[in-house]
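# Please find the sequence and the predicted model below.
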2 protein chains.
Amino acid sequence: MTQPSLDVVAIGNAIIDVIANCPETLIDELGLSRGGMMLIDAEQATSLYAAMGPAREISGGSAANTLAGLAALGAKCGFVGQVAQDQLGEVFTHDIQAAGIRFDVPARPGNPPTARCLIFVTPDGQRTMNTFLGASHFLPPEALDEGVIADAAVLYLEGYLWDPEEPRAAMRKAIAAARAAGRKIAFTPSESFVIDRHRDDFLSLIAEGQIDVLFCNEHEMAALTQLDDFEAGLALLSAQVPVLVVTKGAEGAVALSGGERAQVGAEPVARVVDTTGAGDLFAAGFLYGHVRGKNLTDCLRMGAICASEIISHYGARPECDLAAYVAQRMG
Amino acid sequence: MTQPSLDVVAIGNAIIDVIANCPETLIDELGLSRGGMMLIDAEQATSLYAAMGPAREISGGSAANTLAGLAALGAKCGFVGQVAQDQLGEVFTHDIQAAGIRFDVPARPGNPPTARCLIFVTPDGQRTMNTFLGASHFLPPEALDEGVIADAAVLYLEGYLWDPEEPRAAMRKAIAAARAAGRKIAFTPSESFVIDRHRDDFLSLIAEGQIDVLFCNEHEMAALTQLDDFEAGLALLSAQVPVLVVTKGAEGAVALSGGERAQVGAEPVARVVDTTGAGDLFAAGFLYGHVRGKNLTDCLRMGAICASEIISHYGARPECDLAAYVAQRMG
């Protein structure tokens, strides 16, 4: 087994976030899923955008955000995802490449346009996401370079992309390539509704030993295990994955690995501005510690610190020198 | 003279700002004009964008930013500017309309694309702007609805748009329409280099009594009057315009009107994040006070307070409830 030249390669949605503040009342008026993620079609995207206040556009996408965090911490990363040949596709491509991440999937000509996520941020900092997936769901399996997968220590996959057929095939191909090369696979089911649609697939992957590091939040764990009891869920999953990481929002996170258990509280912040990307950046901090061989508690701490940076401002990509920010807080 | 239904109508560039942090050294490496505004062509825009870090996109344009501030304060506004039929044009249109500003100039099909301004923000919060004007410079005089101009208490014009022939013709047409309807005209020369190219035009407008409210910073006043002495410049211009407002960055601002003189210091902020739009929002606060009949000192205070909000975050459009922010600080 040769030494990989990348730390992490990820497959995920290539999305531009469109982020606007909104009053609490607008969430109900528009019938949105407060705090959640809802898929919308082109027509809904147009009408929701019209109902939205002045916004800012910042590159997003769950796994892409995690990579941006990893790259900012010093990891070498590659991304696989699909943009369209349009201005938002150029923005996504620029931002991920400017973060130092390898990304060379050609932009897709014609319709649909590059994916965008309309994010309504209420005064408490909670984000309500409405995603028009556009070109993102047309990632063809042929776009996947198995050599790149084999050349990364960890393959990271987001459940959001399990819905459409082509990217799912690309992810299955990537899993096989990673396994053949003896690489680790990290996975997040992304969202409870995604789990409802693909529980059998996800449980099979876990049971077959295809997942080395599993990230989820408490609601996703409950959806995955169909167990309401937090400890029972932990016991069930930790018996099947080498590393299990479960986040609990403001209550912090817990990790189990090889019989060891660690937990941390949330890192305090002066003001929660926008929670978009909190889970993505938690995964970034944890994975960075993991690939650098840190102990379980330090991995969790790094995750909590990265999440605290991202919720202090709009958008899900780090704004400060994340490596310095983490180093200062790790002490 | 009928009562106007709009407070302010503005003609300006329709631009999307692309804002990235950058180290101090990059400004010199790229040969940029630190703290200034440089016009770039499509080729330069491509190469500069490639050299830029991960960015955020926020609607901009000097006069459009001023209107966004005015609208946030409660003024009724209209905007005249040109976007292309592309995704960035849709973003600009959405953001200005979502701010409650009337904007109905049809998007221009084909090339060039919507204008964008590549803004490099150094750690001290200073912004260095590089503008690709694209469709913005193709605003045709026919796009100007003279009825809308006549229906606004104040016509606000930005000097940036004086360069290209078509928008200049549109602005001259607007000046005539505003004068015929007995409306006031406010003007900013925008930038010293713009003044170098159009000093005679600007001085003629002032000498002919076409400008009722003139906004400039100290460097622009020196370029306009060709007088190095601040007081001499003030004396020369204030003799020709009913209201003269001169900003001095961190040193505050001074205003002269009808023999009265007032001045304010800059409003303190916890941290200067990005100075983009400071002058635009100063103009917004001052003009809002002016159209609401406030005294000269209060107009200046409102300008300083609005500028303080905008430099506390990335981008030149207000992020908070600006009316509440100003009310709280005005006491």
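Perfect, thanks for sending it. Numbering: from 1, shown residues only, chains lettered A, B, ... in the order given.

# Following the chain past the worst-scoring helix or strand of chain A on mean pLDDT, name the next helix or strand.
Least confident helix or strand, chain A: strand A:37-39 with a mean of 93, by mean pLDDT, DSSP states H and E. Once the chain leaves strand A:37-39, the next helix or strand it forms, by DSSP states H and E, is helix A:42-50.

# Alpha carbons of the following helix or strand past that next one, as PDB, please.
Sequence order places strand A:56-59 as the next helix or strand after helix A:42-50, per DSSP H and E. Coordinates of each C-alpha in strand A:56-59 appear next as PDB, following Å, rounded to 0.1, in the frame of the first residue of the first chain:
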ATOM      1  CA  ARG A  56     -25.400  37.200   0.200                       C
ATOM      2  CA  GLU A  57     -24.000  34.400  -2.000                       C
ATOM      3  CA  ILE A  58     -21.300  32.100  -0.500                       C
ATOM      4  CA  SER A  59     -20.200  28.700  -1.700                       C
END
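
# Show the contacting residues for A:Arg56.
A:Arg56 sits next to A:18-20, A:314-315, B:56-58, B:314-315 when contact means Cβ atoms under 8 Å, 6 or more residues apart in numbering or on different chains. In short, each C-beta sits where N, CA and C put it, glycine included.

# The least confident helix or strand of chain A: which residues count as buried?
Along strand A:37-39, these residues count as buried under the neighbour rule (16 or more other Cβ atoms under 10 Å in any protein chain shown): A:37-38.

# List the neighbouring strands of that strand plus their orientation.
Counting by DSSP bridges, the strands paired with strand A:37-39 are strand A:127-132 (parallel).

# And the contacts of the partner strand?
So strand A:127-132 is contacted by A:13, A:15, A:19, A:27, A:32-42, A:44-45, A:48, A:115-122, A:274-276 (Cβ under 8 Å, 6+ apart).

# Just the buried residues of the residues you listed.
A:13, A:15, A:19, A:27, A:32, A:37-38, A:40, A:45, A:48, A:115-122, A:274-276.

# what's the burial count for A:Pro164?
Using other Cβ atoms under 10 Å in any protein chain shown, A:Pro164 has 16 neighbouring residues.

# Next: A:Phe230.
15.

# My read is that it contacts A:Glu218, right?
Yes - at 6.3 Å, A:Phe230 and A:Glu218 qualify as touching, with contact defined as Cβ atoms under 8 Å.

# three-state assignment of the residue in the stretch 151-300 of chain A that chain B sits nearest to?
Closest contact between the stretch 151-300 of chain A and chain B, by Cβ to the nearest Cβ, is at A:Val273 (9.5 Å). Secondary structure state of A:Val273, per DSSP: H, G, I helix; E, B strand; the rest coil, is coil.

# Enumerate every residue touching the residue in the stretch 101-250 of chain A positioned nearest to chain B.
Across the stretch 101-250 of chain A, the shortest distance to chain B (Cβ to the nearest Cβ) belongs to A:Pro113, at 7.1 Å. If you count contacts by Cβ under 8 Å, 6+ apart, A:Pro113 has them with A:84, A:86, A:88-89, A:134-135, B:87.

# again, only this time at 10 Å
A:16, A:42, A:45, A:83-89, A:132, A:134-135, B:87 (Cβ atoms under 10 Å, 6 or more residues apart in numbering or on different chains).

# Not counting sequence-adjacent ones, nearest residue to A:Trp8?
Residue A:8: Val, not Trp. Among residues not flanking A:Val8 along the chain, A:Val154 sits closest, at 4.7 Å (Cβ to Cβ, 6 or more residues apart in numbering or on different chains).

# again with A:Ser257
A:Val243 (4.5 Å).

# my read: that neighbour touches A:Phe215, true?
Yes - A:Val243 is within contact range of A:Phe215, at 9.1 Å (criterion: Cβ atoms under 10 Å).

# what about these two, which has more around it?
Taking other Cβ under 10 Å, A:Val243 and A:Phe215 do not tie; A:Phe215 has more neighbours (29 against 22).

# Residues in a beta bridge with the more buried one, which ones?
Under the criterion used (DSSP bridges), A:Phe215 bridges to A:Val245.

# That one against A:Leu224, yeah?
No - between A:Phe215 and A:Leu224 there is no contact under Cβ under 10 Å: 11.4 Å.

# any residues in contact with both of those two?
A:159, A:189.

# ok, back up a step: contact partners for the residue nearest to A:Ser257?
A:184, A:186, A:211-215, A:255-258, A:260, A:286-287, A:290, A:296, A:299.

# Same check on A:Gly285?
Applying Cβ under 10 Å, 6+ apart, the residues near A:Gly285 are A:66, A:69-70, A:73, A:267, A:298-310, A:322, A:326, A:330.

# Alongside chain B, which residues does the stretch 51-200 of chain A contribute?
A:51-59, A:68, A:71-72, A:84, A:86-91, A:94-101, A:113-114, A:116, A:123 (Cβ under 10 Å from any Cβ of the partner chain).

# In strands only, show me those.
A:56-59, A:116 (DSSP state E).

# what residues does the stretch 201-331 of chain A put near chain B?
Counting by Cβ under 10 Å from any Cβ, the stretch 201-331 of chain A sits next to chain B at A:273, A:313-315, A:317-321.

# Let me see the ranges of the helices in the stretch 101-250 of chain A.
Taking DSSP state H, counting those that start in this stretch as the test, the helices found in the stretch 101-250 of chain A are A:146-150, A:165-180, A:192-207, A:218-225, A:230-238.

# Reformat those helices as CSV; add mean pLDDT.
Listed next are the helices of the stretch 101-250 of chain A as CSV, based on pLDDT from 0 to 100:
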stretch, mean pLDDT
helix A:146-150, 96
helix A:165-180, 96
helix A:192-207, 96
helix A:218-225, 96
helix A:230-238, 97
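
# Tell me which of those helices lies nearest to B:Ala176.
B:Ala176 lies closest to helix A:165-180 among these, at 58.3 Å (Cβ to Cβ).

# for the closest one, the distance to its chain's centre please.
17 Å (Cα atoms, centre = their mean, to the nearest Å).

# And stretch A:31-49, by the same measure?
19 Å.

# Compute the first-to-last residue distance for it.
By Cα to Cα, to the nearest Å, the extent of stretch A:31-49 from end to end equals 14 Å.

# quick one, phi psi at the closest residue to chain B within the stretch 201-331 of chain A?
Here the residue of the stretch 201-331 of chain A nearest chain B is A:Arg317; by Cβ to the nearest Cβ that distance is 5.8 Å. Backbone geometry at A:Arg317, expressed as degrees, to the nearest 10, gives phi -120, psi 140.

# Could you find the closest non-adjacent residue to it?
A:Ala68 (4.7 Å).

# what's in contact with the least confident helix or strand of chain A?
A:31-32, A:44, A:48, A:62, A:117-119, A:127-133, A:137, A:160, A:163, A:190-194.

# Might one say that A:Arg179 is in contact with A:Leu205?
No - taking contacts as Cβ under 10 Å, A:Arg179 lies outside contact range of A:Leu205: 11.2 Å.

# Show me which of these two is the more surrounded one.
Taking other Cβ under 10 Å, A:Arg179 and A:Leu205 do not tie; A:Leu205 has more neighbours (23 against 17).

# dump the residue contacts of the closest residue to that one other than its chain neighbours.
Distance criterion Cβ to Cβ, 6+ apart; nearest residue to A:Leu205, sequence neighbours excluded, is A:Ile211 at 5.6 Å. Going by Cβ under 10 Å, 6+ apart, A:Ile211 touches A:157, A:175, A:184-188, A:202, A:205, A:237, A:240-244.
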